[in-house]
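S.K.: 3D, please:
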Amino acid sequence: MEIFERSQIGNMDLRNRLAMAPMGTNGLTDIDCGYGRRLIDFYEARAKGGLGMIMTGAAVVNTELEGGISHFLPRLDSPAYMGRLSELADALHYHDCKLVLQLTCGFGRVNFLENNPIQPIGPSENPCFLDPSVTTRPLSVEEIQQYVVSYATAVGMADIAGVDAIGIHGYGGYLVDQFMSSLWNRREDEYGGDLDGRMRFAMELIGASRAAAPNMPLIFKFTPDHYLEGGRTLEEGIEVAKRLEAAGVDALHVDAGCYETWNRVIPSMYDQAGPTLELVKTIKDIVNIPVIGHGKLGDPALAKKVIEEGIADYICLGRPVLADPEWPNKVKSGKAADIKPCISCNDACVGRGYDMKYLGCTVNAQTGMENTYTLTPAQSKKKVLIIGGGPGGMEAARVAAQRGFDVTLWEKANELGGKLAIASVPSFKGDLVPFFDYMKREMDKPNITIELGKEATPQNIEAFAADEVIIATGSKFSPPPIPGIDGNNVFSSAQLFADKPDTGKHVIVIGAGLCGSEAAAELAVNDGKKVTLVEMADQVVPEGTNLPTMIGIQTLLAQGQVDIRLNTTVVEIKADGIVVEKAGEREMIAGDSVIMATGYVADPSLRNATESRVASCKAIGDCLKPGKFIGAIWGGFNAARVIN
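M.R.: Numbering: from 1, shown residues only. Now for the predicted structure:
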């Protein structure tokens, strides 16, 4: 098999073996949750980019029985949504791309609970994932049948609207999967008990879908292994696959994990590429229908290997085509080096969904804003001066040059990268390296002049006489006033990765945010050192960190046997350790060195001293507010986008 060969799933003819993975499209629908122009533009950009099929995120078939997130997703529970769905189908078909509409019965115990007055539902009474004090209400047999009817009705409407295939949402610990798993299904009626009973709901959905649209291919997404104690194991997963094939589905889409092991479902930057491939190959070896695999397959060489070696019949690209919608076209035309790589941070594609913000991509600010953020050619040849060669500065330079402006970038260090260069150092953050390399290559494009070792001042910025000045100088380290903070055994987290100082055998890391947790994990897992992680708050990694990243870093800390001290305040730093206080009790923690992973503050001083001297001056990124790469990169993109 080859990636760029025509193939078929059922009677659906496909131009290649590449699909867009189904993912939540929060914030992109019309106000009534229909497939509006913004969502159509989002999908059409990926179809234009060369994919053979688009597998949409879950669309809800019934909004009467469940509240929460089901009321914010795309929906197909009324004919009112068919017209816009047909527009989506047409838009993809114009690019020889097929539309696979994923339909869901809902979320059950993993539903959002905030501002949700409807009690969560499920096969049995189970504690909810987000708040175990809230339990689900078991669905009645009549309600299950209502779901089956709603599903069949949605399939029929999809068929009329021009959808090419249906994706059945049966994975990851969502409602259908909850029925299939003995961990969550303890019913004693015909929808529970042995595997026959637990799969009855899924089988009825398959049968009803086939009756509603006899010629429409059905792709069932399922989870062979939850990687959770009490959850489905691979032995049962193999049996599930065989039964789904026997039921007549046309292809299987293999997933892994559930919400408790969400970094299996959506791998983090700490996970290796292709973490589900062994599972995918196991299923492919025991069925005779096409098998679809996914999970960090954005490296073109790996993607080709998966298809050519028969590990999977099709591969899904989710985050890679958020980062670069042209991934298929670039690979096919031999321009893989021009692909903007995904960094697997999960901040914009997953994390923003928790806050009900629109789906985006950290490295591609145009994702979800395909029409609004169209880049227009420069109307005049303005001079643009960018101060700072970190991720925000480089993105501003890339976009300004792409628009046709004359760009100069000053960086006071002797190399580009800023905090991106530092963040790329940890052994488990290899996903950042290809992106860093890509950005450095972009700086070699026409219209960009790079001056390294060039420190900016208000005076030389004014003398340069730029039409537009963009300040991207980053934050500054301002450590807290702890006695002993200026000792020779104290280093910032940036110094740890940039200078690689001798930290001894036992290292104390102060601050258990993402930066401190990554420092602790690198020292413990990669360097084999004894590490103590000290945090004033009551949790490791701050609230609001996306679930795959949180689980991923916690797994690394456990692997490195890091000693974690929460609700603990550092009172003093000494040459041989630190003095801490917890609940009024003081303790000495011995250590050879101390890493400060806190104390970075905004530094808009250059902007403040410059803006009155030049025609136009903007500040972006950490110099305004320390944060993640998304703030710097989106800030750089938009600062260059809005130049008149």
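
S.K.: Correct me if wrong: Ser427 contacts Asn526.
M.R.: Yes. Taking C-beta atoms under 8 Å as the definition, Ser427 is a contact partner of Asn526 at 4.4 Å. For the C-beta atoms, the positions are set from N, CA and C on the backbone; glycine is no exception.

S.K.: which residues in the stretch 401-550 of the chain form helices?
M.R.: With DSSP state H, counting those that start in this stretch as the criterion, the stretch 401-550 of the chain has helices at 419-423, 432-442, 458-464, 493-499, 514-521, 547-559.

S.K.: Return the most buried member of those.
M.R.: Per-stretch averages of neighbours, counted by mean count of other C-beta atoms under 10 Å, single out helix 514-521 among the helices of the stretch 401-550 of the chain, with a mean of 25.

S.K.: pLDDT on that helix, on average?
M.R.: When pLDDT is averaged over helix 514-521, the result is 96.

S.K.: Who are the packing partners of it?
M.R.: With contacts taken as 3 or more C-beta pairs under 8 Å, 6 or more residues apart in numbering; DSSP states H and E, helix 514-521 sits against helix 493-499, strand 506-510, strand 530-534, helix 547-559.

S.K.: Dump the ones you listed into TSV; add distance to Pro214 as well.
M.R.: Shown next, in TSV, are the helices and strands packed on helix 514-521 (distance: least, C-beta to C-beta, whole Å):
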stretch	distance to Pro214
helix 493-499	59
strand 506-510	61
strand 530-534	59
helix 547-559	39
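
S.K.: Of all the ones you listed, which one comes closest to Arg352?
M.R.: For Arg352, the closest of the helices and strands packed on helix 514-521 is helix 547-559, at 12.6 Å, according to C-beta to C-beta.

S.K.: So what touches the closest one?
M.R.: Around helix 547-559, the neighbours that count as contacts under C-beta atoms under 8 Å, 6 or more residues apart in numbering are 259, 261-263, 265-271, 345-347, 350-351, 428, 514, 517-518, 520-521, 524-525, 533, 540-541, 564.

S.K.: taking these one by one, which sit in strands?
M.R.: Leu533, Ile564 (DSSP state E).

S.K.: ok, which stretches of the stretch 251-400 of the chain are helices?
M.R.: Going by DSSP H, counting those that start in this stretch, the stretch 251-400 of the chain shows helices at 262-265, 277-284, 300-308, 319-323, 327-332, 352-354, 391-403.

S.K.: Let's have those helices in CSV, adding distance to Asp30 and mean pLDDT.
M.R.: Shown next, in CSV, are the helices of the stretch 251-400 of the chain (distance: least, C-beta to C-beta, whole Å; pLDDT from 0 to 100):
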stretch, distance to Asp30, mean pLDDT
helix 262-265, 28, 94
helix 277-284, 35, 98
helix 300-308, 34, 98
helix 319-323, 21, 98
helix 327-332, 28, 98
helix 352-354, 18, 87
helix 391-403, 29, 98
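
S.K.: nearest to His294, of those?
M.R.: Comparing the helices of the stretch 251-400 of the chain under C-beta to C-beta, the one sitting nearest is helix 277-284, at 8.4 Å.

S.K.: Name the residues that touch the closest one?
M.R.: Under C-beta under 8 Å, 6+ apart, the answer for helix 277-284 is 224-225, 234, 237-238, 241, 252, 254, 256, 291, 293, 295, 306, 310-313.

S.K.: now with 6 Å?
M.R.: Residues outside helix 277-284 that contact it (C-beta atoms under 6 Å, 6 or more residues apart in numbering): Pro224, Ala241, Val254, Ala256, Val291, Gly293, Ile311, Ala312.

S.K.: do stretch 322-332 as well
M.R.: With C-beta under 6 Å, 6+ apart as the criterion, stretch 322-332 contacts 4, 18, 45-46, 49-51, 300, 320-321, 338-340, 342, 349, 361, 363-364, 367.

S.K.: Filter the residues you listed down to the buried ones and hand me the ChimeraX line.
M.R.: Selection command for ChimeraX covering only the buried members of the contacts of stretch 322-332, criterion 16 or more other C-beta atoms under 10 Å:
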select :18,45,46,49,50,51,300,320,321,339,340,342,349,361,363,364,367
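
S.K.: and the contacts of stretch 322-332, which of them are in strands?
M.R.: Short answer: those in strands (DSSP E) are Leu18.

S.K.: What ranges does the stretch 151-300 of the chain have for its strands?
M.R.: Along the stretch 151-300 of the chain, the stretches classed as strands by DSSP state E, counting those that start in this stretch are 165-170, 218-222, 251-254, 291-293.

S.K.: what about the closest residue in space to Thr503 that isn't next to it in sequence, distance to Asn346?
M.R.: Counting by C-beta to C-beta, 6 or more residues apart in numbering, Ser593 is the residue found nearest to Thr503 once chain neighbours are left out, at 4.1 Å. Here the distance between Ser593 and Asn346 works out to 31 Å (C-beta to C-beta, to the nearest Å).

S.K.: Comparing the two, which residue is more hemmed in?
M.R.: Using other C-beta atoms under 10 Å, the more surrounded residue of Ser593 and Asn346 is Asn346, with 26 against 23.

S.K.: isn't that one right up against Asn546?
M.R.: Yes. Counting by C-beta atoms under 6 Å, Asn346 touches Asn546, with 4.4 Å between them.

S.K.: contact partners of stretch 433-450?
M.R.: 340-341, 343, 394, 397-398, 401, 407-409, 416, 420, 424.

S.K.: Just put these in CSV and tack on distance to Arg37.
M.R.: Shown next, in CSV, are these (distance: C-beta to C-beta, whole Å):
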residue, distance to Arg37
Lys340, 25
Pro341, 29
Ile343, 29
Met394, 32
Ala397, 32
Arg398, 28
Ala401, 30
Val407, 33
Thr408, 38
Leu409, 36
Leu416, 38
Leu420, 34
Ser424, 38
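
S.K.: Out of these, which comes closest to Gly24?
M.R.: Taking C-beta to C-beta as the measure, Gly24 sits nearest to Ile343 out of the contacts of stretch 433-450, at 19.0 Å.

S.K.: Tell me how many other residues crowd that closest one.
M.R.: Applying other C-beta under 10 Å, we find 27 residues neighbouring Ile343.

S.K.: contacting residues for the residue nearest to Asn489 when sequence neighbours are not counted?
M.R.: Excluding the flanking residues, the one nearest Asn489 by C-beta to C-beta, 6+ apart is Ser593, at 4.7 Å. Residues near Ser593 by C-beta under 6 Å, 6+ apart: Asn489, Thr503, Gly504, Val507.

S.K.: thought the last one was touching Leu533?
M.R.: The reference is to Val507. No. The criterion here is C-beta under 6 Å, and Val507 misses it with Leu533 at 9.5 Å.

S.K.: neighbour count winner among these two?
M.R.: Higher neighbour count among Val507 and Leu533: Leu533, with 28 against 25, using other C-beta under 10 Å.

S.K.: What are the phi and psi values at the residue nearest to Asn489?
M.R.: Main-chain torsions, Ser593, degrees, to the nearest 10: phi -150, psi 170.

S.K.: Select, out of the helices and strands packed on helix 514-521, the one closest to Gly334.
M.R.: Ranking the helices and strands packed on helix 514-521 by proximity to Gly334 (C-beta to C-beta) places helix 547-559 first, at 32.5 Å.

S.K.: Thanks a lot, catch you later.
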